[in-house]
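Undergrad: Need a 3D model of the following:
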Amino acid sequence: MKKIYDKNELNFALIWIGIYVVLASIGDSISGSVGVAKLFTAPICIILTIIIYTWIRKNELKEKYGLCRLKANAKAYMYFAPLVLLATTNIWWGVKLNLTIMETILYVISMLCVGFLEEVIFRGFLFKAMCKTNIKSAIIVSSITFGIGHIVNLLNGADVSETLMQICYAVAIGFLFTIIFYKGKSLWPCIITHSVINSLSAFANVEGAPIWHGIAGSVFLCVVSIAYAIYIIKSNKEEIL
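TA: The predicted structure is shown next:
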């Protein structure tokens, strides 16, 4: 991996995006065919997480990719209160155990790893590779790529309208997370929030819920994410955009 990384960081990022998307999709597909949610996806995500974290640590790249403390006062970020709002959206309409106990455990483990993997790959590898030449392009590409990547959910039987809404708010959240990482130099707030959002989806009370619940949640995620990102940009003396 180091040879590919040293030769071209962007290609390295794209390769990892491909590896992650393909293996995660295969894991979900096989798990679905077996009838146990995340049975194969969980170990795949765990292995990928260990590989990436070990590689980053071995090559002393933890600070470069934000696996370090926040480089600013948390007060400047409203103590991340908006992130708490984003993280709890999935349980606003009630809590329900949608899977068996074993499937729930596998699901949460998968989502914790996914939060780490997607943030490191999209906000770390991809963004840092592109920001060397153009910060604006790096922020835009990282955000949009992250959002569009959710289209693979269609391959696993996801509803088209729900997937389109997910893509929209994923782009907005991706934009916010990129700004947080760029300004604060730490990826942990993004990783934690991302992991919690995904994990709590296992307990979302969505069965029989009116369509406006999904629309309202998607709009809220977009509005809060964009507004919070703008606040961070405006409160930063260093010009970002």
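
Undergrad: Please point out which parts of stretch 22-42 sit buried.
TA: If you call a residue buried by 16 or more other CB atoms under 10 Å, then stretch 22-42 has these buried ones: 23, 24, 27, 28, 31, 32, 37, 38, 39, 40, 41, 42. Backbone N, C-alpha and C define where each C-beta goes, glycine included.

Undergrad: What is the most widely separated pair among those residues?
TA: Within the buried residues of stretch 22-42, 23 and 37 form the most distant pair, 16.5 Å apart (CB to CB).

Undergrad: Run the chain-centre distance for stretch 217-235.
TA: 16 Å (CA atoms, centre = their mean, to the nearest Å).

Undergrad: swap that for stretch 119-127, please
TA: That offset, for stretch 119-127, works out to 10 Å (CA atoms, centre = their mean).

Undergrad: With stretch 106-117 instead?
TA: 10 Å.

Undergrad: which other residues reach it?
TA: 20, 24, 36-39, 41-42, 45-46, 48-49, 52-53, 99, 191-199, 201-202 (CB atoms under 8 Å, 6 or more residues apart in numbering).

Undergrad: Just the buried subset of these, written out for ChimeraX, thanks.
TA: Buried subset of these, written as a ChimeraX selection, criterion 16+ other CB under 10 Å:
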select :20,24,37,38,39,41,42,45,48,49,52,53,99,191,192,193,194,195,196,197,198,199,201,202
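
Undergrad: list the contacts for residue 223?
TA: Taking CB under 8 Å, 6+ apart, one finds nothing in contact with residue 223.

Undergrad: Sticking with it, tell me its helix or strand.
TA: Using DSSP states H and E, residue 223 maps to helix 211-234.

Undergrad: Next: residue 22.
TA: helix 9-34.

Undergrad: what's the angle between the next helix or strand along the chain from that helix and helix 9-34?
TA: Using DSSP H and E, the helix or strand that follows helix 9-34 in sequence is helix 41-58. Per axes from the mean of the first three to the mean of the last three CA atoms, to 10 degrees, the angle that helix 41-58 makes with helix 9-34 is 160 degrees.

Undergrad: Show me what helix 41-58 is packed against.
TA: Judged by 3 or more CB pairs under 8 Å, 6 or more residues apart in numbering; DSSP states H and E, helix 41-58 is in contact with helix 9-34, helix 101-118.

Undergrad: tell me the mean pLDDT over it?
TA: What helix 41-58 shows for mean pLDDT is 98.

Undergrad: Which positions within whichever helix or strand comes after it qualify as buried?
TA: The helix or strand immediately downstream of helix 41-58 is helix 81-87, counting by DSSP H and E. Under the neighbour-count criterion of 16+ other CB under 10 Å, helix 81-87 has 82, 83, 85, 86, 87 buried.

Undergrad: pretty sure residue 121 is in contact with residue 20, am I right?
TA: Yes: Residue 121 lies in contact with residue 20 (CB atoms under 8 Å); the separation is 5.9 Å.

Undergrad: rounded to a whole number, what's the mean pLDDT of stretch 70-89?
TA: pLDDT averaged over stretch 70-89 gives 89.
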